[in-house]
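Enquirer: I'll drop the sequence and a predicted model, then ask my questions.
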Amino acid sequence: MMLQLLCGQQPRFAVMVRAFTTVTVTKSTPTRVTNTIGTSIRQSSLMAGRQQQRVVSSLSSSTADAATDAAATEEGEKESKPQQPLQPIPDMEEIVSLCKRRGIIFPSSEIYNGYAGFFDYGPLGAELKKNLKDAWWNHFVTQREDVVGLDSSIIHNPTTWESSGHLDGFSDPMVDCKETKLRFRADQLFYAPIIIQKGENGSSEERDILGYVCVQEGNDNDMTKAGKKQSKKVVKEAGLKGSRIEKFDFKELVLATEEEMKVIPSPASGKPTLTSIRDFNLMFETRVGATNTGPDSDDANIAYLRPETAQGIFINFKHVLMTSRQKIPFGIAQMGKAFRNEITPRNFIFRSREFEQMEVEYFIPPGDDVWPKHHQEWMDSSKDFLLNVIQLREDLIGWDVHEGDSLAHYARACTDVTFTFPFGTQELMGIAARGNYDLTQHTEGSGKSLEYYDDETKERYIPHCIEPSLGVDRLLLAVICSAYAEDEIGGEKRNLLKFAPNIAPIKAVICPLLKNKPELVEVARTLFKRLQQRGYNVMYDASGAIGRRYRRADEVGIPFAITIDFETIEEDAGVTIRDRDTTEQIRLPLDDVIPYLSKAINGY
């Protein structure tokens with residue numbers, strides 16, 4: 001074998017490896033493997049494999065890259081510390097491709113060419129979604145004494161929606177393109193006049209409007225690019241080809257006058273073929289019970305899929321109050337499916353027709369001096385959840401305070417938490433002071449009192465409420481956009497997802513250094529089973545070079561890679577645990593692996 005190396009030949013057991021810079025690691029006092037895993041390993045049976053490991057580690061990088069996959073790199077070789085540039089916002093195409101490629105999100109019914117506005121969550125997506133919901137519930141319900149949970153039905157008595165105002169007022173403004181038959185939400189279309197810059201081709205002080213552009217909502221760059229593309233045709237037809245135009249002053253289409261609507265082009269046809277703006281109700285109808293659905297059917301059995309989870313909380317207010325022994329102030333939390341028949345579902349899972357919400361209705365006494373304090377407290381708690389629990393990038397988070405006409409008619413205040421997605425800055429979460437509108441409406445609609453008797457003040461009143469509302473799907477998209485990162489290791493580009501350990505779909509990957517050594521596999525498999533029994537979703541990976549396994553784990557956001565090597569079984573030196581973000585490795589005794597992961601993932 002050594003003769004082969006001296007003659008420049010590759011030994012048949014060599015493996016393709018990468019040359020990594022050695023990183024100094026701290027070693028804890030090792031414990032006997034047999035005490036933890038319960039295996040008995042003969043030293044003589046390991047000598048050949050150990051020798052292979054040492055020989056492979058002596059190969060030059062060029063020789064190693066040309067080698068085969070029969071063995072793996074020695075544990076002592078470590079990766080270079082990654083160079084981490086300032087992370088830009090990823091392209092939406094990259095996010096969608098990653099989600100489909102790695103089993104996070106799939107288009108629904110894709111074998112039948114899909115169904116717009118509906119999505120399916122794959123193995124990693126389902127786990128990530130569950131972890132986000134668990135983290136929200138733990139933060140806002142389990143760790144509080146003044147919030148209890150509820151799981152109400154998706155279909156309520158239809159009168160619920162009459163009382164809440166959804167049947168009459170839950171709508172979006174819609175326009176149609178008469179030529180292409182496409183439909184658009186009018187508040188997601190933006191128009192702007194085309195004006196030649198002053199002094200261009202003899203333009204006057206008035207700078208007459210040549211025409212208009214109309215584009216769909218997006219980030220500033222995309223909207224400007226689409227506007228310029230439309231304006232070229234108008235400028236050319238006006239005989240002013242090559243003239244420079246002023247910067248577009250985009251406004252929502254709903255603000256356009258009747259005269260402007262006659263000349264504003266459709267983004268689909270490029271011609272003024274848009275209909276007048278009209279309201280479109282977003283609620284999904286269904287029928288309950290055995291009923292005639294033909295031409296002679298009546299409306300007696302019509303019901304609706306809930307467009308929000310909040311109303312289920314309000315109509316159960318009395319039941320929860322009496323059974324939970326809570327006193328105001330207290331909250332009721334709920335998470336669950338909601339459905340909205342969106343006119344134009346778009347931007348991946350950001351705006352879909354089936355989605356999940358996580359909401360709290362926190363009931364408080366009336367009074368203009370009461371709600372501001374509670375509203376601020378829920379804003380602070382929401383910020384703590386998003387930045388410290390979920391660990392979204394703070395540079396992508398913003399706050400939008402609603403004022404004047406942007407407030408709902410019944411709301412005292414509303415602040416949105418915004419997030420900068422690849423398609424622009426959009427609402428991620430809302431924290432609203434809703435007054436007592438909802439409980440008052442259901443009191444009048446049902447004829448049953450929803451008043452609260454205050455033992456301390458001896459008063460009866462209909463409580464007001466603070467509502468922090470967060471969409472699960474929007475949060476999941478924000479988490480992926482926030483976690484997506486690129487860096488370089490040893491000059492090689494690396495793509496990874498920097499999920500916080502507590503929400504990562506897979507917590508750790510277990511890697512025996514060689515898959516053809518039963519002694520390594522036995523220890524790795526036993527550790528794998530122990531971690532599963534502790535409730536951790538972990539992955540076992542014995543295929544390919546260790547560097548390749550690390551890269552696979554990085555791309556799906558696995559925070560820890562645990563490697564079982566020959567030092568583990570020969571010297572009872574424990575295992576190496578590699579950190580995804582820094583690529584640094586530490587060596588820990590086997591008995592310390594679970595406490596280490598518990599601290600890193602759960603915080604205790």
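Expert: Structure received.

Enquirer: contacts and neighbour counts: CA atoms only from here.
Expert: OK.

Enquirer: What helix or strand is the closest residue to H442 other than its chain neighbours located in?
Expert: With sequence-adjacent residues excluded and distances taken as CA to CA, 6 or more residues apart in numbering, H442 is closest to S163, at 5.8 Å. Counting by DSSP states H and E, the element that carries S163 is helix 159-164.

Enquirer: And for D249?
Expert: Counting by DSSP H and E, D249 is part of no helix or strand.

Enquirer: so what pLDDT did it get?
Expert: At D249, the pLDDT value in this model is 93.

Enquirer: can you give me phi and psi for it?
Expert: Note on D249: its backbone torsions stand at phi -110, psi 80 [degrees, to the nearest 10].

Enquirer: Which of the three states applies to the spatially closest residue to it that is not a sequence neighbour?
Expert: Nearest residue to D249, sequence neighbours excluded (CA to CA, 6+ apart): A192, at 5.4 Å. Secondary structure state of A192, per DSSP: H, G, I helix; E, B strand; the rest coil, is strand.

Enquirer: and A192, how far is that from A268?
Expert: Using CA to CA, to the nearest Å, one obtains 16 Å as the distance from A192 to A268.

Enquirer: my read: A478 touches F419, true?
Expert: Yes. Counting by CA atoms under 8 Å, F419 is a contact partner of A478 at 7.1 Å.

Enquirer: more crowded one of the two?
Expert: Neighbours per residue (other CA atoms under 10 Å) separate A478 from F419, with F419 holding more: 25 against 22.

Enquirer: So that one belongs to a strand, correct?
Expert: Yes. Counting by three-state DSSP, F419 is part of a strand.

Enquirer: these two touch, right, it and L428?
Expert: Yes. Using CA under 8 Å, F419 is in contact with L428, at 5.9 Å.

Enquirer: For the stretch 401-550 of the chain, which segments are assigned as helices?
Expert: 437-446, 472-483, 518-533, 546-555 (DSSP state H, counting those that start in this stretch).

Enquirer: Export those to TSV and append columns for distance to E492 and mean pLDDT.
Expert: Converted to TSV, the helices of the stretch 401-550 of the chain look like this (distance: least, CA to CA, whole Å; pLDDT from 0 to 100):
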stretch	distance to E492	mean pLDDT
helix 437-446	57	95
helix 472-483	20	96
helix 518-533	29	95
helix 546-555	11	94
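
Enquirer: what ranges do the strands span in the stretch 351-500 of the chain?
Expert: The residue ranges that make up the strands of the stretch 351-500 of the chain, judged by DSSP state E, counting those that start in this stretch, are 354-364, 397-401, 413-421, 424-435, 452-454, 459-461, 464-471, 484-489, 492-497.

Enquirer: quick one: which of those is nearest S108?
Expert: With CA to CA, the closest approach to S108 among the strands of the stretch 351-500 of the chain belongs to strand 354-364: 11.0 Å.

Enquirer: Find me whatever residue is spatially closest to the residue nearest the centre of the chain, sequence neighbours aside.
Expert: Nearest residue to the geometric centre of the chain (CA atoms, centre = their mean): L476, 1.4 Å. Nearest non-adjacent residue to L476, counting by CA to CA, 6+ apart: K129, 6.7 Å away.

Enquirer: and if you look at I277?
Expert: Counting by CA to CA, 6+ apart, I277 lies nearest to V175, which is 5.1 Å off, once chain neighbours are set aside.

Enquirer: same for the helix holding S163, what does it pack against?
Expert: helix 437-446 (3 or more CA pairs under 8 Å, 6 or more residues apart in numbering; DSSP states H and E).

Enquirer: For the helix it packs on, buried residues please.
Expert: 437-443 (16 or more other CA atoms under 10 Å).

Enquirer: What segments of the stretch 101-250 of the chain are helices?
Expert: With DSSP H, counting those that start in this stretch as the criterion, the stretch 101-250 of the chain has helices spanning 123-137, 159-164, 166-169, 220-237.

Enquirer: neighbouring strands for whatever helix or strand comes next after the longest one, and are they parallel or not?
Expert: On the C-terminal side of helix 220-237, the closest following helix or strand by DSSP H and E is strand 251-252. If you go by DSSP bridges, strand 251-252 pairs up with strand 189-195 (antiparallel).

Enquirer: which residues are contacting the strand it pairs with?
Expert: With contact meaning CA atoms under 8 Å, 6 or more residues apart in numbering, strand 189-195 is reached by 207-217, 231, 245-246, 248-253, 264.

Enquirer: Please convert the buried members of those into PyMOL selection syntax.
Expert: The PyMOL selection below is limited to those of the contacts of strand 189-195 classed as buried (16+ other CA under 10 Å):
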select buried, resi 207+211+212+213+214+215+216+217+231+245+248+250+252+253+264
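
Enquirer: How much space separates the residue nearest to V235 when sequence neighbours are not counted from D541?
Expert: Spatial nearest neighbour of V235, excluding adjacent residues (CA to CA, 6+ apart): K241 at 5.7 Å. Distance, K241 to D541, by CA to CA: 61 Å.

Enquirer: more crowded one of those two?
Expert: The neighbour comparison of K241 against D541 (other CA under 10 Å) goes to D541, with 20 against 13.

Enquirer: contacting residues for the more buried one?
Expert: By CA under 8 Å, 6+ apart, the contact set of D541 is 509-512, 549.

Enquirer: Could you check how far H375 is from L386?
Expert: 17 Å.

Enquirer: quick one: which of these two has more around it?
Expert: Applying other CA under 10 Å to H375 and L386 shows that H375 carries more neighbours, namely 22 against 19.

Enquirer: Name the spans of this protein whose pLDDT lies under the cut-off.
Expert: For the chain, applying pLDDT under 70 flags the ranges 1-81, 83-86, 198-207, 291-298.

Enquirer: Go again with 50.
Expert: Low-confidence regions of the chain, defined by pLDDT under 50, span residues 1-77, 204-205.

Enquirer: Using the record's domain definitions, break it down for me.
Expert: Taking automatic domain parsing as the criterion, the chain consists of the domains 2-80+490-602, 96-155+306-481, 172-281.

Enquirer: related to what we said a few turns ago, possible to save the helices of the stretch 401-550 of the chain as a markdown table with distance to P366?
Expert: Converted to a markdown table, the helices of the stretch 401-550 of the chain look like this (distance: least, CA to CA, whole Å):
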| stretch | distance to P366 |
| --- | --- |
| helix 437-446 | 12 |
| helix 472-483 | 30 |
| helix 518-533 | 49 |
| helix 546-555 | 50 |
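
Enquirer: most neighbours per residue, which of the ones you listed?
Expert: Among the helices of the stretch 401-550 of the chain, helix 472-483 has the highest mean neighbour count (mean count of other CA atoms under 10 Å), at a mean of 22.

Enquirer: what's in contact with that one?
Expert: Helix 472-483 is contacted from outside by 89-90, 95, 128-129, 132-133, 349-350, 355-358, 390, 392-393, 396, 419, 421-422, 428, 496-499, using CA under 8 Å, 6+ apart.

Enquirer: got the angle for it vs strand 413-421?
Expert: Computed by axes from the mean of the first three to the mean of the last three CA atoms, to 10 degrees, the angle separating helix 472-483 from strand 413-421 equals 50 degrees.

Enquirer: In PDB, list the C-alpha atoms belonging to helix 472-483.
Expert: Below are the C-alpha coordinates for helix 472-483, written out as PDB (Å, rounded to 0.1, in the frame of the first residue of the first chain):
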ATOM      1  CA  VAL A 472     -48.300  30.900   9.600                       C
ATOM      2  CA  ASP A 473     -47.600  30.800   5.800                       C
ATOM      3  CA  ARG A 474     -46.300  34.300   5.700                       C
ATOM      4  CA  LEU A 475     -44.100  33.700   8.700                       C
ATOM      5  CA  LEU A 476     -42.700  30.600   7.100                       C
ATOM      6  CA  LEU A 477     -41.900  32.500   4.000                       C
ATOM      7  CA  ALA A 478     -40.200  35.300   6.000                       C
ATOM      8  CA  VAL A 479     -38.200  32.700   8.000                       C
ATOM      9  CA  ILE A 480     -36.900  31.100   4.700                       C
ATOM     10  CA  CYS A 481     -36.000  34.500   3.200                       C
ATOM     11  CA  SER A 482     -34.300  35.500   6.500                       C
ATOM     12  CA  ALA A 483     -32.400  32.300   6.800                       C
END
